[in-house]
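Visitor: Quick check, what structure comes out for this input:
(one chain, ligands or ions: 1)
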Amino acid sequence: MLVVGGGLAGLAAARDLAAGGADVVVLEARERPGGRVEQIRLDDGRPVQLGGEVVGPFHTAYLGLVEELGLTLEASYVGVPGQTTYDLVEDVVRSDDWPFATAAERADYERVEQLYGALAAAVDPDDPWSHPDAARLDCVSLGSWLRSVDALPSVVRCLETGAIALADGSIERHSLLADLRKSAAACESGFYDYDRWESLQVAEGSAEVAASMAAALGDRIRYGAVVEAVSVSVGGCSVRLRGGESLGAEAVVCALPVGPLRDVAVDGVAPERLASLHAQRHALAAKVVSLFDRSVWTDVGANGLLEGEGVLGSTWPQRDGVLSALVPPQRLGALLSIPDADRVSVVHEELERMYGAAARETQAVHFRLWGTDPFTQGYVTQWWPGDVMRVGPLHGTHDPPFYVCGSDQWVAGYMEGAVRTGRGAAAAALGAR
Ligand SMILES: Cc1cc2nc3c(=O)[nH]c(=O)nc-3n(C[C@H](O)[C@H](O)[C@H](O)COP(=O)(O)OP(=O)(O)OC[C@H]3O[C@@H](n4cnc5c(N)ncnc54)[C@H](O)[C@@H]3O)c2cc1C
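Guide: Down below sits the predicted model:
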């Protein structure tokens with residue numbers, strides 16, 4: 001069997017296929033495994049994540065895999081002591097939570113969150129299309145819905161800044177149904193709960209999950225193998241690589257992000273399935289990681305957590321002296337328009353504004369432009385209004401001998417989505433043999 005793409009999904013699929021006795025080859029375009037999980041290691045041994053980092057307690061597929069691989073879980077940044085920083089256009093504010101000006105605004109947030117929680121409770125995360133009002137909930141953005149329930153402007157701003165901090169796009173570009181589906185998957189009673197989604201990390205570094213699987217697969221992974229075409233048939237499938245080489249297989253497991261998948265010519269697959277796959281989209285973002293010899297943000301009483309209205313939409317402490325940041329889709333253009341040589345000074349200016357003069361004293365700043373990387377073309381799954389219905393119930397399903405996996409084939413992306421769908425695709429392919 002051929003697995004196309006050696007990120008977490010493709011590696012998890014290949015690992016299970018190999019364990020199930022299949023003859024498997026992974027075709028990976030880059031010269032390394034892991035896709036959107038990637039790390040570097042500092043001279044002092046600290047692993048630094050340039051891609052995916054944290055998970056939550058309901059991410060059972062990922063947590064199960066971590067255990068099987070003998071890796072260690074530890075608490076992530078969620079719950080670090082100190083105050084969160086809000087880098088607002090008018091001021092930098094430090095506070096335990098969003099700095100509402102009045103008690104009435106805070107009460108309104110709670111009112112709106114209750115309404116949202118009640119709506120989410122009625123959505124089946126595995127089958128949002130079965131909701132009696134699915135089409136209506138999908139064509140409305142979260143922003144429009146907030147205004148329809150008379151949310152105060154400060155509540156809308158709080159939720160917009162929170163969404164931008166997650167870098168998966170403005171609330172004006174979120175399908176309400178997709179948002180509710182995500183909340184239902186996490187069994188939340190309200191808006192995005194960092195404890196549910198982000199409170200754990202792999203102590204050895206999250207990229208070690210991919211590295212361990214890749215090491216075990218050994219030469220069953222072909223690096224530098226850019227897939228350009230896939231031909232599917234029950235009588236035998238074939239895959240063509242850049243350079244012209246062709247490989248045959250009984251089945252193909254496609255583990256590509258949705259952008260690069262659009263660049264691959266696929267035939268022998270039902271047009272509805274291709275239309276569904278091609279309808280999916282990503283938020284385009286970049287990650288910026290600043291390295292210090294110590295956690296300088298604590299000098300000003302900050303916990304390193306930021307929601308911001310500058311180029312950096314969020315920051316959070318990755319490890320001692322390692323500060324992660326996301327540049328959200330709305331601001332990626334601003335970052336790209338700055339010449340390479342000047343980008344560090346823009347980051348320094350923002351960090352100084354948030355965390356004081358010591359925050360300029362970086363040992364290094366790493367930019368990882370995932371949004372413009374040809375083998376990712378994005379960052380995380382994004383559902384615009386109308387997308388849930390456009391993609392439809394084929395989402396996350398297979399068309400043997402063409403199996404589809406990857407974080408985009410789950411509710412909302414994430415490493416959980418990659419592992420869950422990768423293992424699911426392997427089980428389906430093994431079951432069909
Ligand atoms: C900056 C950033 C931060 C994130 N933070 C988190 C987080 O904290 N928690 C979390 O759970 N998730 C996070 N994510 C998301 C998570 O990392 C991804 O959803 C997940 O790793 C995707 O795995 P995947 O295997 O589906 O796709 P990918 O990792 O994208 O793997 C796809 C693979 O296909 C390869 N490929 C592409 N085109 C071709 C081709 N034509 N031929 C052959 N191979 C090809 C790619 O090189 C890649 O290796 C983050 C992502 C980013 C970028």
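
Visitor: per-domain residue ranges of this protein.
Guide: The chain is divided into the following domains under automatic domain parsing: 2-74+201-282+381-431, 102-198, 286-372.

Visitor: Output these as a markdown table; include the columns mean neighbour count and distance to the ligand.
Guide: Yep, even glycine has a C-beta here, placed from its N, CA and C like the rest. Converted to a markdown table, the domains of the chain look like this (neighbours: other C-beta atoms under 10 Å; distance: least, C-beta to the nearest ligand atom, whole Å):
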| stretch | mean neighbour count | distance to the ligand |
| --- | --- | --- |
| domain 2-74+201-282+381-431 | 20 | 2 |
| domain 102-198 | 18 | 6 |
| domain 286-372 | 19 | 4 |
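
Visitor: where do the strands sit along the stretch 301-433 of the chain?
Guide: All strands of the stretch 301-433 of the chain, identified by DSSP state E, counting those that start in this stretch, fall at 302-308, 314-319, 322-327, 364-368, 379-382, 402-404.

Visitor: quick one on the thing from earlier: with mean pLDDT added, can I get the domains of the chain in CSV?
Guide: Formatted as CSV, those follow (pLDDT from 0 to 100):
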stretch, mean pLDDT
domain 2-74+201-282+381-431, 97
domain 102-198, 97
domain 286-372, 96
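
Visitor: okay if I get those as TSV plus distance to residue 92?
Guide: Compiled in TSV, the domains of the chain are given as follows (distance: least, C-beta to C-beta, whole Å):
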stretch	distance to residue 92
domain 2-74+201-282+381-431	25
domain 102-198	13
domain 286-372	6
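
Visitor: hmm, back to that, for the strands of the stretch 301-433 of the chain, which one sits closest to residue 354?
Guide: Shortest separation from residue 354 across those is recorded for strand 302-308, at 5.8 Å, computed as C-beta to C-beta.

Visitor: Given the closest one, what are its sheet partners and their directions?
Guide: In the sheet containing strand 302-308, the strands it pairs with under DSSP bridges are strand 83-87 (parallel), strand 314-319 (antiparallel).

Visitor: Distance from the chain centre to it, please.
Guide: What separates the centre of strand 302-308 from the centre of its chain is 20 Å, taken as C-alpha atoms, centre = their mean, to the nearest Å.

Visitor: Stretch 215-223 too?
Guide: The chain centroid and the centroid of stretch 215-223 are separated by 25 Å, computed with C-alpha atoms, centre = their mean.

Visitor: Between the two ends of it, what distance do you get?
Guide: Between the opening and closing residues of stretch 215-223 there is a gap of 13 Å (C-alpha to C-alpha, to the nearest Å).

Visitor: Please apply the same query to stretch 197-208.
Guide: End-to-end distance for stretch 197-208: 20 Å, by C-alpha to C-alpha.

Visitor: Quick one: residues in contact with it.
Guide: Defining contact as C-beta atoms under 8 Å, 6 or more residues apart in numbering, one finds that stretch 197-208 is touched by 34, 37-39, 41, 47-49, 51-57, 59, 63, 66, 69, 71-79, 186, 209, 414-415.

Visitor: now stretch 41-48
Guide: 39-40, 204-205, 207-208, 289, 291, 318-322, 366.

Visitor: Kindly indicate which of these lies nearest residue 99.
Guide: For residue 99, the nearest member of the contacts of stretch 41-48 is residue 318. The distance, counting by C-beta to C-beta, is 24.9 Å.

Visitor: residues in contact with residue 254?
Guide: Remark: with contacts taken as C-beta under 8 Å, 6+ apart, residue 254 is in contact with 4, 5, 230, 261, 402, 403, 404, 405, 406.

Visitor: wait, I meant residue 220
Guide: With the criterion set at C-beta under 8 Å, 6+ apart, residue 220 makes contact with 14, 18, 24, 25, 26.

Visitor: mind checking how far stretch 208-217 is from the chain centre?
Guide: Counting by C-alpha atoms, centre = their mean, stretch 208-217 is centred 20 Å from the centre of its parent chain.

Visitor: swap that for stretch 3-16, sorry
Guide: A distance of 17 Å separates the C-alpha centroid of stretch 3-16 from that of its chain, computed with C-alpha atoms, centre = their mean.

Visitor: pull the CA atoms of that stretch into CSV?
Guide: C-alpha atoms of stretch 3-16 as CSV (Å, rounded to 0.1, in the frame of the first residue of the first chain):
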residue,chain,number,x,y,z
VAL,A,3,0.7,6.2,1.9
VAL,A,4,1.0,9.7,0.5
GLY,A,5,2.4,12.2,3.0
GLY,A,6,4.5,11.5,6.1
GLY,A,7,3.0,13.8,8.7
LEU,A,8,1.4,12.5,11.8
ALA,A,9,-1.6,11.1,9.9
GLY,A,10,0.4,9.3,7.2
LEU,A,11,2.9,7.9,9.7
ALA,A,12,0.2,6.7,12.1
ALA,A,13,-1.5,5.0,9.2
ALA,A,14,1.7,3.4,7.9
ARG,A,15,2.7,2.2,11.4
ASP,A,16,-0.7,0.4,11.8
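
Visitor: And stretch 185-203, end to end?
Guide: Stretch 185-203 has an end-to-end distance of 25 Å (criterion: C-alpha to C-alpha).

Visitor: What residues does the residue nearest to residue 293 when sequence neighbours are not counted make contact with?
Guide: Once flanking residues are discounted, residue 293 sits nearest to residue 321: 5.8 Å by C-beta to C-beta, 6 or more residues apart in numbering. By C-beta under 8 Å, 6+ apart, the contact list for residue 321 reads 46, 291, 292, 293, 294, 295, 296.
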